[in-house]
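Asks: Okay, here's the prediction I keep looking at, along with the sequence it came from:
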2 protein chains.
Amino acid sequence: MSIQARRERERAERERAIIAAARELAEAEGWDAVTTRRLAAEIEYSQPVLYSHFKGKDAIMAAVAVEGSGDLAVELAAARAAATDPRQAVAGIATAYADFAERRPALYDAIFNLPVALSFASQDTPVELARAFAELAETLRPFAGDDDLETFTETFWSGLHGLVTLMRNGRLRREEHERRLAILVDRFARLG
Amino acid sequence: MSIQARRERERAERERAIIAAARELAEAEGWDAVTTRRLAAEIEYSQPVLYSHFKGKDAIMAAVAVEGSGDLAVELAAARAAATDPRQAVAGIATAYADFAERRPALYDAIFNLPVALSFASQDTPVELARAFAELAETLRPFAGDDDLETFTETFWSGLHGLVTLMRNGRLRREEHERRLAILVDRFARLG
DNA sequence: CAGATTGGCTAGCGGTGCTAGAGTTCTGGT
DNA sequence: ACCAGAACTCTAGCACCGCTAGCCAATCTG
């Protein structure tokens, strides 16, 4: 039994190594630099080993995305906890969200942009993602008014997502970033 | 002279054919299906010919994006013209925008999502894009309040962009789409 | 008509994600 | 203790990608 246990342990260890390598490579050089060959070299195994852990490159990226959304959830929670009043909480969480996207573009891409099979708003949504979304929802609760909280949160979140993605692709004037964030917050964090 | 004129005409013709082929292929099967080999076969020339017209595949996609943004501008203008009052104009243009993204996902991607060297908000922005943005800005003008109109428009536009991209990537519940649009419009098209 | 220029072609380079099949190591029953 | 079979990892290669060097034929120039 013990031998089998060790095997499984080593296997799990290797799987973690793959995800870590993919994440580090992506954060350092972008997803284009994450090829199965480089990944295999990084973990010091041959390419086909990757496919014994993941169905394909997409699955590896999805695993990184799940891990990354945990980080996002933590940062959003911290921002919410640090806030003193409801309106400022919205401003704070919006800033935290934008900062995360700016600071870890590759991770953000994996979570939200890449056409990766990450299911959202369904039963099998990773708990990390659900937590991140819940942080947003709780922060917005005082301002949802008559609107359904989940739908309201989705809309605000879309605003944030649009801001960070369009800016990163050079579609928005960078110097106006804070002002745009302020406008978005102002429009969503008001009563009535 | 006339011979040279014919040559240039034929060359321009071929360039148009390349763009048209790329667009059709992308709309029919997605950008992944648009390879230089298929494109060359479509126009019945060899691959290197593409590179005598465009610097690379990105440049072809950028050309398609410019063309597509002309279409978008037209549709947005029509929606604005059809509106009866300012608030309804915002709702109408938002719907038109979302419809465009839904109906022509590949075109929308080329314009806004793909990391293509399309410059925005700068001197050399294609006029088509500037027109599309101007339609949005004019529609929003009555509601900008104290905010700078351009910045305000960018923020609203980001909201739209976030809604359509997140939904298309399966990150939002499709059945709530209209409600989210309504919330966004409601939050931006109000006075005071 | 000879030579230079143009323009399109074939062929190929170095890369991608992924996989078939061989070879090695380990496991468990006799 | 042995050996058949299972489990695992590797090498090698497939089909494709964007892109380009270098050849060859047609055209233009003097």
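Replies: It's in.

Asks: From here on, just use CA atoms for contacts and neighbour counts.
Replies: OK.

Asks: Up against DNA strand C, what does chain A have?
Replies: Residues of chain A lying near DNA strand C by Cα under 7 Å from any atom of the strand: A:3-4, A:33-38, A:47-48, A:51, A:55-58.

Asks: So which of those residues is surrounded by the most neighbours?
Replies: A:Val34 (20 neighbours; other Cα atoms under 10 Å in any protein chain shown).

Asks: Provide a list of residues in contact with it.
Replies: A:22, A:25-26 (Cα atoms under 8 Å, 6 or more residues apart in numbering or on different chains).

Asks: Quick one: which of the residues of chain A next to DNA strand C has the lowest pLDDT value?
Replies: Among the residues of chain A next to DNA strand C, A:Ile3 has the lowest pLDDT, at 62.

Asks: follow-up on the earlier one: among the contacts of A:Val34, which lie within helices?
Replies: Assignment to helices by DSSP state H places the following of these there: A:22, A:25-26.

Asks: Include distance to DNA strand D, neighbour count and pLDDT when you put those into a markdown table, please.
Replies: Listed next are the ones in helices among the contacts of A:Val34 as a markdown table, based on distance: Cα to the nearest atom of the strand, whole Å; neighbours: other Cα atoms under 10 Å in any protein chain shown; pLDDT from 0 to 100:
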| residue | distance to DNA strand D | neighbour count | pLDDT |
| --- | --- | --- | --- |
| A:Ala22 | 17 | 28 | 98 |
| A:Leu25 | 20 | 20 | 97 |
| A:Ala26 | 20 | 23 | 98 |
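
Asks: Just put those residues in TSV and tack on distance to A:Phe152.
Replies: Below are those laid out as TSV (distance: Cα to Cα, whole Å):
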residue	distance to A:Phe152
A:Ala22	34
A:Leu25	36
A:Ala26	32
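
Asks: now, which of those sits nearest chain B?
Replies: Nearest to chain B, judged by Cα to the nearest Cα, of the ones in helices among the contacts of A:Val34 is A:Ala26 at 16.2 Å.

Asks: Could you measure from that closest one over to B:Ile43?
Replies: Using Cα to Cα, to the nearest Å, one obtains 37 Å as the distance from A:Ala26 to B:Ile43.

Asks: swap in A:Arg87?
Replies: Relative to B:Ile43, A:Arg87 is positioned 57 Å away (Cα to Cα).

Asks: do the same with A:Ala182
Replies: 49 Å.

Asks: With A:Ala101 instead?
Replies: A:Ala101 sits 41 Å away from B:Ile43, going by Cα to Cα.

Asks: Next, the distance between the ends of stretch A:80-89.
Replies: Stretch A:80-89: ends 5 Å apart by Cα to Cα.

Asks: quick one: that stretch near chain B?
Replies: No - between stretch A:80-89 and chain B, judged by Cα under 8 Å from any Cα of the partner chain, nothing touches; the nearest distance is 15.5 Å.

Asks: A:Glu8: how many residues sit nearby?
Replies: Neighbours of A:Glu8 under the rule other Cα under 10 Å: 12.

Asks: what's the spacing between it and DNA strand D?
Replies: 7 Å (Cα to the nearest atom of the strand, to the nearest Å).

Asks: quick one: is the strand or helix carrying that residue near chain B?
Replies: For A:Glu8, the element it lies in under DSSP states H and E is helix A:2-29. No - legend: contact between helix A:2-29 and chain B by Cα under 8 Å from any Cα is lacking; minimum distance shown is 15.4 Å.

Asks: next helix or strand past the lowest-mean-pLDDT helix or strand in chain A?
Replies: Within chain A, no helix or strand scores below helix A:2-29, which has a mean of 88 by mean pLDDT, DSSP states H and E. Next in sequence after helix A:2-29, counting helices and strands by DSSP H and E, comes helix A:36-43.

Asks: Please identify which helix or strand holds the residue nearest to the spatial centre of chain A.
Replies: Closest residue to the average C-alpha location of chain A: A:Ser69 at 3.7 Å, with Cα atoms, centre = their mean. A:Ser69 is part of helix A:57-82, with elements assigned from DSSP H and E.

Asks: ditto for A:Gly162
Replies: helix A:149-168.

Asks: contacting residues around the helix or strand just after that helix?
Replies: Using DSSP H and E, the helix or strand that follows helix A:149-168 in sequence is helix A:177-188. For helix A:177-188, the surrounding residues in contact (Cα under 8 Å, 6+ apart) are A:90-91, A:94-95, A:143, A:156, A:159-160, A:163, A:167, B:147, B:151-152, B:154-155, B:187-188.

Asks: DNA strand D contacts on chain A?
Replies: A:7, A:11, A:44-49, A:52.

Asks: Identify the farthest-apart pair in those residues.
Replies: Farthest apart among the residues of chain A next to DNA strand D by Cα to Cα are A:Arg7 and A:Gln47. That separation is 19.6 Å.

Asks: how near is the nearest residue in space to A:Gly159 that is not next to it in sequence to DNA strand C?
Replies: Residue nearest to A:Gly159 in three dimensions, not counting chain neighbours: B:Gly159, with 3.8 Å by Cα to Cα, 6 or more residues apart in numbering or on different chains. Separation of B:Gly159 from DNA strand C (Cα to the nearest atom of the strand) stands at 32 Å.

Asks: So B:Gly159 is in contact with A:Leu160, correct?
Replies: Yes - with contact defined as Cα atoms under 8 Å, B:Gly159 counts as touching A:Leu160 (7.3 Å).

Asks: picking up where we left off before, any buried residues in the helix holding A:Ser69, and which?
Replies: The neighbour-count check on helix A:57-82 (16 or more other Cα atoms under 10 Å in any protein chain shown) flags A:57-77, A:79-80 as buried.

Asks: Equivalent analysis for stretch A:171-189, please.
Replies: A:171-173, A:177, A:180-181, A:183-185, A:187-189.

Asks: For A:Val116, report the pLDDT, please.
Replies: At A:Val116, pLDDT is 68.

Asks: Check the one 3 residues further on too.
Replies: Model confidence at A:Ser119, expressed as pLDDT, equals 64.

Asks: Show the low-confidence segments of chain A, by residue range.
Replies: Scanning chain A with the threshold set as pLDDT under 70 gives A:1-6, A:116-124, A:192.
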